[in-house]
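Colleague: the following block contains a protein sequence and its predicted model.
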Amino acid sequence: MTQLSVNINKLATLRNARGGNVPNLVKTATDIEDFGAQGITVHPRPDERHIRYQDVFDLKKVVRTEFNIEGNPIPKFMDMVLDAQPTQVTLVPDSVDAITSNAGWDTIKNYDFLKEVISTFKTNGIRTSIFVDPDTAMIEGAAKIGADRIELYTESYAKAYETNPEEAIAPFADAAHAAHAAGLGINAGHDLSLENIAFFKQGIPNLLEVSIGHALICEAIYLGLENVVNMYLHRLK
């Protein structure tokens, strides 16, 4: 079964909009685990506009499942990850002012930098995943720099799924085969939803984990958080 890691950034955005501690991220994360999710994902950015660095340490104390921290490996981020010691770190090439992730790494152009970063995390016992587009060359590059996994950037799949699901999934299936052949674990995320997740799961071999935040929280407004978590788990079986 593909594991579901719930990204709780949007809950932090809601909290920060009003101040205070409602919703309580620590309580919500433990509830999400109780509902059946196999992981919690956070993506702190330098301006801390949603997840704050302190949230990472507060969550580390209570998360019982896989704890995944995403972000661009600037020095402040790397120090935080090394202190928090999550299960997995997912490296994302966000610019400082990015509203949301919008591209995967060029693992060839950034070979030396990423190799050093990954070596640092792996030496400290942290599994590393690289956010990449469904591009065979970038996936082979991820293997060469020592990554444990890739996370396929699925926005293009989500957009094309609405008009041609088979065409939408094809490059991702090819990418998954290339990743598996290179010895990489396969994660995926970005714009996956209840509407398109089952087809994606069926078309991607060896899919270990999906990280879903924005769509899941939006769907939960109408359907309820516990219900939505279990709807994803059902589609991922």
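Modeller: Now that the structure is in, tell me what you want to look at.

Colleague: so what secondary structure elements neighbour the longest helix along the chain?
Modeller: The longest helix of the chain (DSSP state H) is helix 165-181. Judged by 3 or more CB pairs under 8 Å, 6 or more residues apart in numbering; DSSP states H and E, helix 165-181 is in contact with helix 136-144, strand 149-153, helix 155-161, strand 185-189, helix 197-203. Glycine gets a C-beta too; all of them are placed from N, C-alpha and C.

Colleague: which strands and helices sit next to the last one?
Modeller: With contacts defined as 3+ CB pairs under 8 Å, 6+ apart, the packing partners of helix 197-203 are helix 155-161, helix 165-181, strand 207-212, helix 225-236.

Colleague: tell me which residues touch the spatially most central residue of the chain, please.
Modeller: For the chain, Ser211 is the residue whose C-alpha lies nearest the centre (CA atoms, centre = their mean; 4.2 Å). Contact analysis of Ser211 by CB atoms under 8 Å, 6 or more residues apart in numbering lists Ser5, Val6, Asn7, Gly39, Thr41, Asn68, Glu70, Thr90, Glu151, Asn187, Ala188, Gly189.

Colleague: could you rerun that using 6 Å?
Modeller: Ser211 sits next to Ser5, Asn7, Thr41, Gly189 when contact means CB atoms under 6 Å, 6 or more residues apart in numbering.

Colleague: confidence score at it?
Modeller: The score at Ser211 is 97. That number is its pLDDT.

Colleague: against Ile8, how distant is it?
Modeller: Counting by CB to CB, to the nearest Å, the gap from Ser211 to Ile8 is 11 Å.

Colleague: residue ranges with poor pLDDT in the protein?
Modeller: Along the chain, segments meeting pLDDT under 70 span 95-102.

Colleague: let's see 90
Modeller: Scanning the chain with the threshold set as pLDDT under 90 gives 1, 46-47, 94-103.

Colleague: follow-up on the earlier one: kindly state the beta-bridge partners for the residue nearest to the centre of the chain.
Modeller: Ser5, Gly189 (DSSP bridges).

Colleague: likewise for Tyr153?
Modeller: Beta bridges link Tyr153 to Gly189, judged by DSSP bridges.

Colleague: that one: neighbour count?
Modeller: Neighbour count of Tyr153, defined by other CB atoms under 10 Å: 25.

Colleague: including distance to Leu223 and neighbour count, could the contacts of Ser211 go into JSON lines?
Modeller: JSON lines is the format used below for the contacts of Ser211 (distance: CB to CB, whole Å; neighbours: other CB atoms under 10 Å):
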{"residue": "Ser5", "distance to Leu223": "19", "neighbour count": "26"}
{"residue": "Asn7", "distance to Leu223": "17", "neighbour count": "25"}
{"residue": "Thr41", "distance to Leu223": "20", "neighbour count": "27"}
{"residue": "Gly189", "distance to Leu223": "20", "neighbour count": "25"}
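
Colleague: reformat those residues as TSV; add distance to Ile221.
Modeller: Output for the contacts of Ser211, formatted as TSV (distance: CB to CB, whole Å):
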residue	distance to Ile221
Ser5	20
Asn7	16
Thr41	19
Gly189	20
